[in-house]
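>>> just need the structure, nothing else, for what follows:
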Amino acid sequence: MARYTGPKSKIARRFRDPIFGADKALDRRAYGPGQHGPSKRRGGKQSEYAIQLGEKQKAKYTYGILERQFSNLFEKASRMKGITGEVLLQLCEARLDNVVYRMGISPTRRGARQLVSHKHITVNGEVVNIPSYTLKIGDVVGVREKSKSLEAITGSLSASSKKYDWLDWDKSTMTGKVLNTPSREMIPENIREQLIVELYSK
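Residues are numbered from 1 along each chain as shown. Take a look at the predicted model:
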């Protein structure tokens with residue numbers, strides 16, 4: 001399946017937000033990409049539609065989700081109880097590749113997706129190689145026994161310091177558990193989900 005494999009700094013500069021992690025290029029040039037630099041024209045007033053579309057694109061790039069997948073997630077969120085925008089982000093957070101990233105098994109979502117695809121990750125003791133697999137409360141995510149010595153995994157875990165209240169991680173067994181559904185306050189992403197809801201509601 002197609003994935004965005006282009007320059008990450010260019011996308012981060014477009015949204016003026018380090019959506020792929022710390023980015024020195026964004027620190028140096030905190031304006032949109034383009035050969036003419038931070039021109040006045042580019043800084044002009046955007047239409048309401050452009051702002052809403054930009055927020056959707058930002059969410060898609062952040063979580064590494066394709067257009068059709070994202071549209072399906074929105075439809076699913078709109079049918080569920082709760083605030084649609086918040087439920088949409090909760091569904092994005094419940095993806096296996098995102099949880100692998102949140103648990104510190106990989107330093108990036110792209111790397112987490114690769115670990116899942118290459119069968120290094122288990123869910124409830126069974127190998128799952130579908131990055132978009134939706135986890136439920138109580139599911140246990142772990143590193144496959146044969147993969148526990150992989151330098152990419154051990155290096156990421158040793159450097160990881162972030163903790164999330166809705167996830168539990170056991171360093172000794174390299175397994176983590178989904179404790180509950182994250183509230184909006186528990187999701188650190190700088191995404192204005194209400195704009196996405198407004199876009200799809202047109």
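
>>> quick check: mean pLDDT of stretch 121-130?
Stretch 121-130 carries an average pLDDT of 98.

>>> and what of stretch 178-190?
Taken as a whole, stretch 178-190 has a mean pLDDT of 96.

>>> same check, this time on stretch 78-95
97.

>>> what's in contact with that stretch?
By Cβ atoms under 8 Å, 6 or more residues apart in numbering, the residues outside stretch 78-95 that reach it are 59, 63, 65, 73-74, 76-77, 98-99, 102, 131-136, 178, 181-184, 187, 189, 191, 193-194, 196-197, 200. Heads up, the C-betas are built off the backbone N, CA and C, glycines and all.

>>> what count of nearby residues applies to residue 93?
Number of residues near residue 93 (other Cβ atoms under 10 Å) recorded here: 21.

>>> which residue is nearest the centroid of the protein?
For the chain, residue 63 is the residue whose C-alpha lies nearest the centre (Cα atoms, centre = their mean; 2.9 Å).

>>> quick one: the helices in the protein?
Ranges of helices in the chain, per DSSP state H, are 8-15, 24-28, 48-63, 67-79, 84-93, 96-102, 109-117, 151-159, 193-200.

>>> and these: which comes nearest residue 141?
When the helices of the chain are compared by Cβ to Cβ, helix 96-102 sits nearest residue 141, at 5.7 Å.

>>> quote the end-to-end distance of stretch 61-68.
Stretch 61-68 has its terminal residues 13 Å apart, counting by Cα to Cα, to the nearest Å.

>>> and that stretch, which residues are buried?
61-65 (16 or more other Cβ atoms under 10 Å).

>>> now stretch 123-131
For stretch 123-131, using 16+ other Cβ under 10 Å, the buried residues are 123, 128, 131.

>>> can you flag which of those belong to strands?
If you go by DSSP state E, the buried residues of stretch 123-131 have residue 123 in strands.

>>> of the buried residues of stretch 123-131, just say which sits nearest to residue 49.
Nearest to residue 49 out of the buried residues of stretch 123-131 is residue 131 (Cβ to Cβ; 30.2 Å).

>>> can you pull the contacts of that closest one?
Contacts were defined as Cβ under 8 Å, 6+ apart; by that measure residue 131 touches 64, 95-97, 112-113, 116-117.

>>> how is this structure partitioned into domains?
Split into domains by automatic domain parsing, the chain comes to 8-91+189-200, 96-180.

>>> mean pLDDT for these: which is lowest?
domain 8-91+189-200 (a mean of 80).

>>> return the residues in contact with the closest residue to residue 173 other than its chain neighbours.
Of all residues not flanking residue 173 in the chain, residue 142 sits nearest, at 7.1 Å (Cβ to Cβ, 6 or more residues apart in numbering). Residue 142 makes contact with 121-123, 125, 173-176 under the criterion Cβ under 8 Å, 6+ apart.
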